[in-house]
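A.B. asks: model the structure of this input:
(3 chains)
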Amino acid sequence: MKRKSTNFKKWTVLLVVLLAATVMFIGCGEEDADNPTVTVASKPWTEQLILGNMLIDIFEHHDIPVEDRLGLGESDVIRPALHNDEVDIYWEYTGTTLLTLMHHDPVGEADEAYQLVKEWDKEENDVVWLDYSSANNAYVLIMRSEHAEELGIENITDLSEYINEKPGELVLGCNEVFYEREDGIQGLEEDYGFEFGMDNITFLGTGLYYDALREGETDVSEGFGTDGRIPAFDLVIIEDDQNFFPVYNPAPIIRQETLDAYPEIEEYLSELTDLLDHETLMLLNEDVDLNEIEPDIVAEDFLRENGLID
Amino acid sequence: MGVERLIEIMQEQGIQLLQRHLYLVFVSLFFAIVTALPIGILVTRPPFNKKINQILSFLNTAQGIPSLAVIAIFLPIMGVGVRPAIFALSIYALLPIARNTVAAINSLDPDVLEAAKGMGLSKKEILFKVELPLAAPIIVAGIQTATIFTVGTATIAHLIGAGGLGRLIFTGIAMNSPEFILAGSLIAAAIAITLDQLLGYFQMRVRRKFGG
Amino acid sequence: MNELQRIANYFTSNLDRIIGYTLEHLILIVIAIIFSVALWVSIGIALRNHKNMANGVLGVGSFIMSVPSIALYGILISIPGLGLSRQSAVVGLVLYSMLPILRNVYVALNEVDKNILEAAKGMGMSEGQILRKVQLPLALPVILAGVRVATVMMVGIATLAVYIGERNLGVLIEQGLKRSRSDMIIVGALLVTVFVVIIDFFIGWLEKTIISKGIQSDDPSLPGGDL
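C.D. replies: This is a model prediction of the structure:
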């Protein structure tokens, strides 16, 4: 008799544990129909993490329930999630949508680009572009400033001429996404009429290419226009004189359904984007990348200093 | 999932990445083997052999260190590129080979060694004519393990600029492209399996020859 | 601030964040282990008398292990229904633990001394009883050894899951790489290493306590010419 009850206990414990595991696994979330949770996503790099944290902080301040899915992935990952209702809002760049989704020609004027994507996304995907920031976080090509000076390279046309004269001398550092995207290196090479060549490209994880450039492991590199490491590492932007790259103004894009549930979001975020000009965004990025402050703290401090949250 | 696109990727980029991947794997295995064997043998000799169990335990646990940690830690030490990756991969591959060397030699029948000593063989002769041959099958098994580990870990070496098939996989994840992911995964799995089979066959031959 | 100070500083300033990551790491592993043990032990038991099928299934497990873990994750997230979620991470971990656990279950159940089995049959025990009261208890040391190997492996593979959306200790390394932060990389690498060691010791301790002295395995990690 005693043995039976011990066995029974063992099985019950096992069952409970299994159940607990399943629950943890599937996750119990009771959705309140009147106050649906807003799922905030972002790409896994500094500026996106800062901006994404700002969204979360602002929503929480206004008692909007949020789910944090920051760092989910790049555009190609977040977009389908947005269209699938798995993600409700994230910061996207006008140029990115313009070129990689709409396959449109590059547009260099902020408002024009914005209106194009806004209209397209509303019609195609029922996604709303809220107010955009005047910061232009464009893809840029960068070099060490003394090296660029030494070789007399000021713009990409200079670079293309140099490479055509002396192929194989300069090494490009970039990540795999920059290589494969429509608005990446291959498109640029085609437009400007030159080619680095696969042997002269070193693929590095996002962010690592700044160090590699500084250390001399690469000669030319991919970069983000608002990255504080460019001035800090004594790097210089090689001007896109033939305007291959479009403008990349960040704006929060949100599912219409979510906006309908919380129309006030538009106003809250408009307040925010008004404050986010190019300089400011650069400084915020620097706080993370150079001053070693965590993105969520940078976001919170900024919002607090500007009275958007308390 | 576009099969044509998959094949296209494999042809255009896969081959070149494969070359780099194999380079990383073979060079690292080479360094791992030439360091692990002497170290393993040394551990079975006094004064180290007093601590054999602790050392074995350490080698076992050390193999559990996440590959991402091993690769990434060489970035602050050596920077980006192939060299830090090879260092990292070599150290990682060293562990199972050393472990198996130690365990194999340590588990040899002491009577056999006594007999060899009795026959007048020198220490060096015992090592090369008795211990190593008998331990060979298990050592080769360790190399097998190390090879599969290394092929897998080399995919992460992409993150510190070493190149290799990892690029296809990370591109696939970033760009939500199953074709890229599969291109990288299939080629990597194919090398791993091929090398594993080759080494398995080699191990069998070694076992037959030395009667392990 | 020299490097050592930076590292110590990062650790102390971000302790709560680090604890959060550690918990996420632990939760993921616990979930995966529970599913793995339930699944692979059951299958191992079911296959114990079917050598050919067992070899086939183990072959699949072996194949899975030759796929680099990041590749396996990549494949799993491409499967509709799984996507970028904890489910994919768990499935990946469970698949990876197949070989160590299943193989140990099968081998252990089959290595029980034939004499003991004969004796049990002689005593009138049914097959089910023999399994529960004789085979499994005797196989426990080796099974636990397999679970230990699997768990230790999982710590490492779970670290990589940050590339498919998990937020555990791997984040320190992943973000450290993106932000050129050697301090984060080193803290992350050290922490996951410590984590591995603790888990290894913990299960080692469990092995000693749970398994009665009489049947403790000498060196369950001794290479058997295969892995």
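
A.B. asks: contact partners for the residue nearest to B:Thr153 when sequence neighbours are not counted?
C.D. replies: Excluding its sequence neighbours, the residue lying closest to B:Thr153 (CB to CB, 6 or more residues apart in numbering or on different chains) is B:Ser67, at 4.2 Å. Using the backbone N, CA and C atoms, a C-beta is placed for each residue, glycine as well. Going by CB atoms under 8 Å, 6 or more residues apart in numbering or on different chains, B:Ser67 touches B:92, B:149, B:152-153, B:156, C:69, C:156, C:160.

A.B. asks: against chain A, how distant is B:Ser67?
C.D. replies: 15 Å (CB to the nearest CB, to the nearest Å).

A.B. asks: pLDDT at that residue, what is it?
C.D. replies: B:Ser67 carries a pLDDT score of 92 in this model.

A.B. asks: so how far is the lengthiest helix in chain C from its chain's centroid?
C.D. replies: For chain C, the longest helix by residue count, based on DSSP state H, is helix C:182-210. Relative to the centre of its chain, helix C:182-210 is centred 13 Å away, using CA atoms, centre = their mean, to the nearest Å.

A.B. asks: what comes up buried for that helix?
C.D. replies: C:182-193, C:195-197, C:199-200, C:203-204, C:207 (16 or more other CB atoms under 10 Å in any protein chain shown).

A.B. asks: which SSE is B:Leu95 in?
C.D. replies: helix B:82-106 (DSSP states H and E).

A.B. asks: tally of neighbours for B:Arg45?
C.D. replies: 11 (other CB atoms under 10 Å in any protein chain shown).

A.B. asks: show me what from chain C comes close to chain A.
C.D. replies: C:10, C:14, C:17, C:27, C:30-31, C:34-35, C:38, C:83-84, C:86-87, C:90, C:165, C:167, C:171, C:174-175, C:177-181, C:183 (CB under 8 Å from any CB of the partner chain).

A.B. asks: state the next helix or strand along the chain beyond the worst-scoring helix or strand of chain C on mean pLDDT.
C.D. replies: Ranking every helix and strand in chain C by mean pLDDT, DSSP states H and E puts helix C:127-130 at the bottom, with a mean of 80. Later in the chain than helix C:127-130, the nearest helix or strand by DSSP H and E is helix C:136-160.

A.B. asks: give the other helices and strands that the following helix or strand past that following helix contacts.
C.D. replies: Using DSSP H and E, the helix or strand that follows helix C:136-160 towards the C-terminus is helix C:170-178. On a contact count with 3 or more CB pairs under 8 Å, 6 or more residues apart in numbering or on different chains; DSSP states H and E, helix C:170-178 meets helix B:67-78, helix C:15-36, helix C:136-160, helix C:182-210.

A.B. asks: from the chain's centre, how far out does the next helix or strand after the second one sit?
C.D. replies: Using DSSP H and E, the next helix or strand after helix C:15-36 towards the C-terminus is helix C:42-46. Its chain's C-alpha centre lies 17 Å from the corresponding centre of helix C:42-46 when counted by CA atoms, centre = their mean.

A.B. asks: ok, back up a step: what's the angle between the helix holding B:Leu95 and helix B:67-78?
C.D. replies: 120 degrees (axes from the mean of the first three to the mean of the last three CA atoms, to 10 degrees).

A.B. asks: centre of the chain to helix B:82-106, how far?
C.D. replies: The answer for helix B:82-106 is 6 Å, by CA atoms, centre = their mean.

A.B. asks: find the nearest non-adjacent residue to the residue of chain A found nearest chain C, please.
C.D. replies: Taking CB to the nearest CB, chain C has its nearest neighbour within chain A at A:Gly207, 3.7 Å off. Here the nearest residue to A:Gly207 in space, its sequence neighbours aside, is C:Lys178; by CB to CB, 6+ apart that works out to 3.7 Å.

A.B. asks: then B:Val206?
C.D. replies: B:Ala136 (4.8 Å).

A.B. asks: now that neighbour: how far from chain C?
C.D. replies: Taken as CB to the nearest CB, the span from B:Ala136 to chain C is 11 Å.

A.B. asks: secondary structure element for that residue, which one?
C.D. replies: helix B:132-153.

A.B. asks: so for that helix, mean pLDDT?
C.D. replies: For helix B:132-153, the mean confidence score works out to 92.

A.B. asks: which helix in chain B runs the most residues?
C.D. replies: Per DSSP H, chain B has its longest helix at helix B:178-210.

A.B. asks: helices or strands up against that helix?
C.D. replies: helix B:3-9, helix B:15-43, helix B:132-153, helix B:166-174, helix C:51-66, helix C:69-78.

A.B. asks: check which residues of that helix are buried.
C.D. replies: B:178-189, B:191-193, B:195-196, B:199, B:203, B:206-207.

A.B. asks: before we move on, back to that, as CSV, the helices and strands packed on helix B:178-210 with mean neighbour count would be great.
C.D. replies: Formatted as CSV, these follow (neighbours: other CB atoms under 10 Å in any protein chain shown):
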stretch, mean neighbour count
helix B:3-9, 14
helix B:15-43, 19
helix B:132-153, 24
helix B:166-174, 27
helix C:51-66, 16
helix C:69-78, 26
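
A.B. asks: right, and the ones you listed - which one's nearest B:Pro76?
C.D. replies: For B:Pro76, the closest of these is helix B:132-153, at 18.3 Å, according to CB to CB.

A.B. asks: got the angle for that closest one vs helix B:82-106?
C.D. replies: Going by the same axes, to 10 degrees, helix B:132-153 makes 150 degrees with helix B:82-106.

A.B. asks: what packs against helix B:132-153?
C.D. replies: Counting by 3+ CB pairs under 8 Å, 6+ apart, helix B:132-153 packs on helix B:15-43, helix B:67-78, helix B:82-106, helix B:178-210, helix C:51-66.

A.B. asks: one more time with 6 Å
C.D. replies: helix B:15-43, helix B:82-106, helix B:178-210 (3 or more CB pairs under 6 Å, 6 or more residues apart in numbering or on different chains; DSSP states H and E).

A.B. asks: residues in contact with the one residue sitting closest to the centre of chain B?
C.D. replies: Centrality entry for chain B: nearest residue to the mean C-alpha point is B:Ala146, 2.2 Å, by CA atoms, centre = their mean. With contact set as CB atoms under 6 Å, 6 or more residues apart in numbering or on different chains, B:Ala146 has these partners: B:32, B:93, B:96-97.

A.B. asks: closest to A:Asp68 out of the helices and strands packed on helix B:178-210?
C.D. replies: helix C:69-78 (19.1 Å).

A.B. asks: what's the angle from whichever helix or strand comes after that closest one to helix C:136-160?
C.D. replies: Per DSSP H and E, the first helix or strand lying C-terminal to helix C:69-78 is helix C:86-96. Relative orientation of helix C:86-96 versus helix C:136-160 (the same axes, to 10 degrees): 130 degrees.

A.B. asks: helices and strands around the helix or strand immediately after helix C:86-96 in the chain, which ones?
C.D. replies: Tracing the chain C-terminally past helix C:86-96 and defining elements by DSSP H and E, one meets helix C:98-110 next. For helix C:98-110, the elements it packs on are helix C:42-46, helix C:51-66, helix C:136-160, judged by 3+ CB pairs under 6 Å, 6+ apart.

A.B. asks: sec struct for the closest residue to A:Glu109 other than its chain neighbours, please.
C.D. replies: Leaving aside its chain neighbours, A:Glu109 sits nearest to A:Val247 (7.0 Å; criterion: CB to CB, 6+ apart). Here A:Val247 is recorded as coil under DSSP: H, G, I helix; E, B strand; the rest coil.
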